[in-house]
Each structure stands twice: as C-alpha cells, then as structure tokens.
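Undergrad: any chance you can model this:
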Amino acid sequence: MSLDWIYYGISWILLRWHALWDTIGIPDGPVLGTNWAWILSIVFLVVTLRVILFPVFVKQIKSQRAMQALQPKVKELQEKHKGDRETLQKEMMELYRVEKANPLMGCLPMFLQIPVFLGLFHVLRRLSPDNPRPTLYGWTAEQFRDATHSALFTAPLPAKFGSSPAELAALNAGSGATVKVIAGILVLIMMATTYMTSRQMILKTGWAEDPQQKMIQRLMLYGIPLSLLVSGSLFPIGVVIYWVTNNLFSLAQQQWVLRKFPPPQMAGRSGGSAARPTAGAATKNGTKNPVQPAARGLFGRKQAEPEPQSPVVDTKALAPKPGAKPVNPKKGVRPANKPKG
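TA: Sure thing, here's the model as predicted:
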C-alpha cells in the first residue's frame, strides 16, 4: 500500500504554515543561526494534527475511565474463571460489550500519530541537495532548497546525531560537533518529555490492577524513553523538534482533560477534607491532633476550609463554686446572704 497520500498531506500542512509565516513577515533567513519560519511550521504542524485528533483523545480518556470503573468486575471474573482462559476471555468481551468499554481505544491516538510521524520522517529525510526530485509531494524547487538549508542554531534540520561527515558536508553544516550537541540535547529533551507524559497520566489515574495492563504501563513509562536513546540518533533534528512539541502539547492537553474529566479515585477526594478532624480537635482517646497544614486538592490548590464554629460555653465550669468570693462584684449590689446594716 502506497503512503504517498500521507506524504502529500504532511507536506501540504507544512508548506501552508510556512507560507503564512512568510506572509506575516517571519524572516526566512537565519536569525541567530535559526530559520524560524521552518521551525514554526513544524511546531504548528503538531498543533494542527492534535486539534484534528482532539475528539479521539477525549474518547480515549472516557474509555480509560470506563475501564477503571470495570476493574472490580474484571477481578471477580479472573477469580471465578481462574485457569479457564477461554471462558475468561469470552466473559470479559461480553462485559466490555455490555458496558460499552473498548480496551483498544486507549492506544488509538498513538496509533493514529504513527503514520504522521513516519510521513514527516520521510519528508525531512528527502531534504538533500543531491535529491533529483525536489518537486515531489507538492514542493517547489525554491521551497525545497530553503528547507534543505534551514537550521536550528546552525544545525541543519535534515541532519541527525549520527550523520556521517559526507552527509553533513552535503547539508553545508558548519561544524559536526555543533550538530551533535544540538541533536543530543534535543534527544534528551525528547526522552524526558516522553517519560513525563506517561508519568503524568499514571500519577493521576494510578497503576492498573491487571498484571498485563500494569506491564504495558511500565513499558510506556520506562521502555519507550530508554529506546529513544538509541533510535533518537537516527531521527532528523526536524523530527525530534516535532516529537518534543508533540510531548509538550500532550502534557498540556492531559492536564486540561484530567481537570475536566477527573479519574474515579480523584473524583471522590474533593469532599475528603470535611471528614478530617480539624487542627486541635479532640480525638476519642482525649488527645488533640497536631496542627496540620491546609488540605490541598487537585493540582496543589488549597481546598476551602470549613467555617469556624462558635465554641460551646460550659456554664457549669463558669459558675462560682460554693463559698468562693465573687470577682469584681458590681457596685451597689449586696450579696444575698449579707444582713443589712
């Protein structure tokens, strides 16, 4: 199956954004060794694709919530049909059908982005002065030439950490060391943001109880970032910029979605502070709780503290003891037991 339609689509979006920045007046020539028009075109290529995929992302979150809510029932089925994998599989599929939960929906946005990543990788890999077909996929010869010599802090966007001296010479790279430093820093940022994206979701939703799903979570959290240490050296700098931008967009988007659609275990925490004893309140054994800092809700915000209540006055404790002299009695008022003079 030909993937030319993906290459044409990626090129069309990239070139439309570049034309917009050129119209606005973003310089196409290098400023601080950087062609900002092409950098911004890659960044907004990410924005365009993530906006298109946003409805799918929301469905992914809702599917994950449904899967979390079904965990107790899944555990019951696993205990009930322990050792009978075929029956367990049928029962679980029936449970997913009745509850309208789709386990594969959680991976759908990632699968949809794979063709985009491969398409951009192919398009940027073609950027070479020796390419005999510069006008392929809707490019003009001038656009192809400008993109080939575009750079980030003098490191060409088509260059890679592992580019050979001959490849760097063809791209007019001034220094191979500069390319390695820029590409190496970007690869490390790519690894860190990939890890942070997975960690953010796991911290808010918790680890899965199912061993297989937990293994997948560990693979996403540790395996993929570590694999980028090797594969990242093969990615053009422009592709790494795309990956880093995509991760940063994911972090912001997940933060918003987690606020809008909190996981079940988070949804029950909002009223949890009311059940806690207040600072200094007496416990059952008569001791007082130490003063505690104000409770914090989701994302570090302080929760509303309960309104202070008026103290209960113990009238028995305030009444004078028998035989005790009154303190500061009012003038003109005689004690009841004192005879008149």
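Undergrad: which stretch of helix or strand covers the closest residue to residue 121 other than its chain neighbours?
TA: Distances taken as C-beta to C-beta, 6 or more residues apart in numbering place residue 239 nearest to residue 121, at 5.2 Å, with adjacent residues excluded. The C-beta positions use only the backbone N, C-alpha and C, and glycine is treated the same way. For residue 239, the element it lies in under DSSP states H and E is helix 237-260.
Undergrad: please identify the buried residues of that helix?
TA: By 16 or more other C-beta atoms under 10 Å, the buried positions in helix 237-260 come out as 237-250, 253-254, 257-258.
Undergrad: so which elements touch it?
TA: helix 36-69, helix 108-125, helix 176-205 (3 or more C-beta pairs under 8 Å, 6 or more residues apart in numbering; DSSP states H and E).
Undergrad: surely the residue nearest to residue 121 touches residue 119?
TA: No: contact between residue 239 and residue 119 fails when scored by C-beta atoms under 8 Å: they sit 10.4 Å apart.
Undergrad: phi, psi for residue 156 please.
TA: For residue 156, the backbone dihedrals (degrees, to the nearest 10) come out as phi -60, psi 140.
Undergrad: now swap in residue 25 and tell me
TA: phi 110, psi 10.
Undergrad: burial measure for it, as a count.
TA: 8 (other C-beta atoms under 10 Å).
Undergrad: tell me who's in contact with it.
TA: Shown in contact with residue 25 (C-beta atoms under 8 Å, 6 or more residues apart in numbering): no residues.
Undergrad: if I look at it, how far off is residue 37?
TA: Counting by C-beta to C-beta, to the nearest Å, the gap from residue 25 to residue 37 is 10 Å.
Undergrad: repeat for residue 149
TA: 12 Å.
Undergrad: likewise for residue 57?
TA: 29 Å.
Undergrad: okay, the two: which has more neighbours?
TA: residue 37 (23 against 17).
Undergrad: these two touch, right, the more buried one and residue 18?
TA: Yes: counting by C-beta under 8 Å, residue 37 touches residue 18, with 5.7 Å between them.
Undergrad: which residue is the nearest non-sequential neighbour of the residue nearest the centre of the chain?
TA: Closest residue to the average C-alpha location of the chain: residue 251 at 2.9 Å, with C-alpha atoms, centre = their mean. Closest residue to residue 251 apart from its sequence neighbours, by C-beta to C-beta, 6+ apart: residue 197 at 5.8 Å.
Undergrad: got the confidence number for that neighbour?
TA: Here the pLDDT value assigned to residue 197 is 89.
Undergrad: what residues are up against it?
TA: Contacts of residue 197 by C-beta under 8 Å, 6+ apart are 247, 250, 251, 254.
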